[in-house]
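Chemist: 3D, please:
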Amino acid sequence: MFLWPPLPVVLPLFTAAFVAAAGPYLPRKLVDAITLGTAAAVMAVCCLLTLQSSGSAIVYWFGAWVPYGHFPIGVAFVIDPMGAGMAAFVAFLVMAAFTFSWQYFDDVRTLYHSLMLIFLAAMCGMCLTGDIFNMFVWFELMSAAGVALCGYHADETGPLQGAINFSVMNTLGAFLSLSGVAMLYSRTGALNFAGIEVALQRQEHLGVFLPIVFIFVIAGFLVKSAAFPFHFWLDDAHAVAPTPVCILFSGVMVELGLFAAARVYYSVFAIALLPWLPALRTLFLAVGATSAIVGGLMAFGQRHLKRLLAFSTISHMGVMILGFALFTSTGLAGTALYVLGHGLVKGALFVGAGILLNRFQSVDEFALQNVGRQMPKTAIIFILGAVGLAGMPPFATYFGEAAIEHSGTQAGLPWISIVIMLSGFLTAGAVLRVAGRVFFGWGEKPTGESRAPRIDLKREMQGQKSKTPPTMWLPAAVMLIIAIALGWFTPLRQAILRDATWFRNTRGYVAAVLHGSAGGPGQYHVPVPHAMPGMHIGGVWMPDMWREVITLALAALLAAIALFPYAIGRRAGTALRHGAALAMRPLHAIHSGKIGDYVAWFTVGIAALAGYLALRR
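Modeler: Okay, here's the model as predicted:
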């Protein structure tokens with residue numbers, strides 16, 4: 001196993017260089033096969049690393065620069081099941097995106113393949129690194145590749161604007177993250193996670209330095225995770241990025257921002273920030289709840305399919321932040337399972353949007369009304385995707401939500417269930433509304449010009465297609481099937497709960513890195529909770545399923561009201577529409593599309609987070 005840990009990063013980087021140099025002289029199908037095979041190899045290696053690290057963390061020191069006197073002087077990959085599993089999930093979604101791309105792009109340069117492989121390498125590096133500065137480096141490489149992919153057609157106004165918004169907001173976050181890393185290094189003299197944690201324990205009178213530097217370090221990760229009020233760039237990026245890239249943006253990139261924040265917290269700050277734990281919980285609960293509600297409302301108000309799905313990602317990221325904010329093993333395990341389920345469902349929905357774009361060269365809901373009557377496979381993708389977003393069993397999203405709700409109830413926070421319900425029925429209702437209008441022709445088509453942004457979408461493909469090739473809908477089918485299978489697989493849920501417990505074990509992590517002790521069992525073993533909620537059909541699952549049924553029923557009702565507002569009477573329907581438009585006006589106002597406004601919101605958000613923690617202890 002000694003030579004395996006670097007492979008998830010080395011393989012795609014070397015292949016990206018090879019494809020960039022030799023790709024123009026190779027057949028397109030060969031380039032597709034090489035890049036898909038590389039992603040498959042990365043996934044296989046990461047799955048093997050996940051299994052091998054289940055007993056104890058794998059610590060790989062580059063150049064054999066092992067700790068000297070228990071002080072880290074080299075750069076390390078610290079591989080545990082949560083990190084390696086996340087990297088395997090990244091590679092799987094890259095495989096799905098490459099498969100979808102086979103017959104989606106009529107004309108694509110090898111630059112696309114190289115950028116996707118660099119994106120893969122950077123995301124895997126973020127999952128596996130044990131060094132805070134190298135996490136920043138991987139973060140920046142991921143951002144650079146993401147910006148280039150977002151603005152892949154930079155000769156057009158829309159992609160250029162989306163790429164600029166992406167670049168400016170993520171650069172601001174990266175600047176603060178680098179400043180936080182510099183402050184940590186100035187006080188501790190270490191960049192290794194474990195080395196920083198030990199150094200912080202030895203220092204006294206740190207005062208407000210700790211919460212301030214923590215917010216600075218995770219600022220870039222909060223932007224990447226699209227947490228409110230750092231989320232404004234996301235819908236612009238999704239609206240203009242090529243559809244296969246959106247599978248990665250929503251399916252795993254934003255989730256990696258939350259993973260990085262959790263890694264930094266539990267590996268470096270968890271013990272030192274114990275006096276601030278109540279304030280941290282309140283802070284992240286507020287951020288998560290606001291993201292869930294704002295994202296859900298904005299998703300339901302969209303006609304542009306890719307923007308709709310982007311805002312639903314923001315909403316569901318709020319649910320994941322709620323799970324992290326509980327600071328419990330069950331809450332973290334629920335978040336991890338929810339990440340898998342959401343990434344698969346959202347990837348399938350973007351595939352569905354891409355199929356519509358490929359067939360009809362539009363992603364405007366009203367322009368697509370009634371065009372999908374002869375597309376049963378795509379209709380099933382949207383309907384099952386809505387069911388998954390609503391958190392219905394047996395999707396993995398249900399079991400993730402059940403664990404988060406259970407942990408919240410035990411912590412005396414039953415309102416978390418209400419927020420999750422709101423997020424579910426708003427986002428699922430939006431997708432059901434689209435499905436009803438596009439595939440069944442329901443709803444009235446309003447007069448006037450579409451409010452969806454004008455984007456030249458012909459550059460992703462040339463001409464309207466008469467049929468959908470299997471390589472385009474099969475990835476969505478596989479992702480939905482896996483999202484369902486993961487929910488049924490009881491050993492996986494229990495393994496995630498165990499791995500989440502070890503992930504939170506700060507002392508065990510430090511012992512593994514600096515002393516070679518086991519990162520899971522051993523001297524710093526932490527008891528694993530007995531089982532995740534929703535484990536048995538006759539136990540927790542059936543009594544709790546009422547919430548999911550109500551959520552899906554409310555989503556269907558909301559979609560029906562949007563499609564047939566005058567079914568309740570002309571006057572009542574008109575009043576309902578005007579009332580909804582008036583209520584949504586403030587949210588539309590703050591999502592102005594102006595980068596200066598987004599920078600102002602970023603500044604206010606960071607000041608509010610840091611100021612709150614500095615004043616509360």
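Chemist: how about the strands in the stretch 351-500 of the chain?
Modeler: Using DSSP state E, counting those that start in this stretch, no strands are found in the stretch 351-500 of the chain.
Chemist: same deal with the stretch 51-200 of the chain?
Modeler: Using DSSP E, counting those that start in this stretch, strands in the stretch 51-200 of the chain cover 58-61, 76-79.
Chemist: Tell me which of the ones you listed approaches residue 21 most closely.
Modeler: strand 76-79 (27.2 Å; CB to CB). To be clear about C-beta, it is placed using only N, CA and C from the backbone, and glycine gets the same treatment.
Chemist: Quick one: list the elements packing against that closest one.
Modeler: strand 58-61, helix 110-128, helix 506-514 (3 or more CB pairs under 8 Å, 6 or more residues apart in numbering; DSSP states H and E).
Chemist: Report the distance from that strand to the chain centre.
Modeler: Here strand 76-79 is found 22 Å from its chain centre; the criterion is CA atoms, centre = their mean, to the nearest Å.
Chemist: try stretch 215-230
Modeler: With CA atoms, centre = their mean, you get 13 Å for stretch 215-230.
Chemist: How about stretch 89-99?
Modeler: 14 Å.
Chemist: Pull that stretch out as PDB, backbone CA atoms only.
Modeler: C-alpha atoms of stretch 89-99 as PDB (Å, rounded to 0.1, in the frame of the first residue of the first chain):
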ATOM      1  CA  PHE A  89     -17.200   9.500  -4.900                       C
ATOM      2  CA  VAL A  90     -15.500  12.300  -6.800                       C
ATOM      3  CA  ALA A  91     -14.000   9.900  -9.300                       C
ATOM      4  CA  PHE A  92     -17.300   8.200  -9.800                       C
ATOM      5  CA  LEU A  93     -19.100  11.400 -10.700                       C
ATOM      6  CA  VAL A  94     -16.200  12.300 -13.000                       C
ATOM      7  CA  MET A  95     -16.800   9.000 -14.700                       C
ATOM      8  CA  ALA A  96     -20.500   9.800 -15.100                       C
ATOM      9  CA  ALA A  97     -19.700  13.200 -16.500                       C
ATOM     10  CA  PHE A  98     -17.200  11.700 -19.000                       C
ATOM     11  CA  THR A  99     -19.700   9.100 -20.100                       C
END
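Chemist: Which residues does it contact?
Modeler: 8, 32, 35-36, 39-40, 42-43, 46, 113, 116, 119-120, 123-124, 127, 244-245, 247-248, 251-252, 256, 339-340, 343, 347, 351, 471, 474-475, 478-479 (CB atoms under 8 Å, 6 or more residues apart in numbering).
Chemist: ok so, going back, output the helices and strands packed on strand 76-79 in a markdown table, with mean pLDDT, mean neighbour count and distance to residue 94 appended to each entry.
Modeler: A markdown table is the format used below for those (pLDDT from 0 to 100; neighbours: other CB atoms under 10 Å; distance: least, CB to CB, whole Å):
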| stretch | mean pLDDT | mean neighbour count | distance to residue 94 |
| --- | --- | --- | --- |
| strand 58-61 | 92 | 20 | 22 |
| helix 110-128 | 94 | 26 | 5 |
| helix 506-514 | 90 | 23 | 28 |
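Chemist: Columns distance to residue 203 on top of the ones you listed, output as CSV?
Modeler: Shown next, in CSV, are those (distance: least, CB to CB, whole Å):
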stretch, distance to residue 203
strand 58-61, 25
helix 110-128, 27
helix 506-514, 15
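Chemist: Residue 484: which of those is closest?
Modeler: Of all those, helix 110-128 comes closest under CB to CB, at 24.8 Å.
Chemist: name the helices or strands packed onto that closest one?
Modeler: Using 3+ CB pairs under 8 Å, 6+ apart, helix 110-128 sits against helix 7-22, helix 28-52, strand 76-79, helix 81-101, helix 132-150, helix 243-248, helix 254-264.
Chemist: ok, back up a step: now distance to residue 136 too, for the strands of the stretch 51-200 of the chain, in JSON lines please.
Modeler: Listed next are these as JSON lines, based on distance: least, CB to CB, whole Å:
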{"stretch": "strand 58-61", "distance to residue 136": "19"}
{"stretch": "strand 76-79", "distance to residue 136": "15"}
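Chemist: Using CSV, write out every CA atom in the helix or strand of the chain with the lowest mean pLDDT.
Modeler: The least trusted helix or strand in the chain, going by mean pLDDT, DSSP states H and E, turns out to be helix 542-563, with a mean of 82. C-alpha atoms of helix 542-563 as CSV (Å, rounded to 0.1, in the frame of the first residue of the first chain):
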residue,chain,number,x,y,z
MET,A,542,-41.9,3.3,9.7
PRO,A,543,-43.0,5.7,12.5
ASP,A,544,-40.8,8.5,11.1
MET,A,545,-41.8,8.1,7.5
TRP,A,546,-44.8,10.4,7.9
ARG,A,547,-42.6,13.5,7.5
GLU,A,548,-41.3,12.3,4.2
VAL,A,549,-44.8,11.5,2.9
ILE,A,550,-46.1,14.9,4.0
THR,A,551,-43.0,16.5,2.3
LEU,A,552,-43.7,14.8,-1.0
ALA,A,553,-47.4,15.5,-0.8
LEU,A,554,-46.7,19.2,-0.1
ALA,A,555,-44.3,19.3,-3.0
ALA,A,556,-46.9,17.8,-5.4
LEU,A,557,-49.5,20.3,-4.1
LEU,A,558,-47.1,23.2,-4.5
ALA,A,559,-46.3,22.1,-8.1
ALA,A,560,-50.0,21.8,-8.8
ILE,A,561,-50.8,25.2,-7.5
ALA,A,562,-48.0,26.7,-9.6
LEU,A,563,-49.2,24.9,-12.7
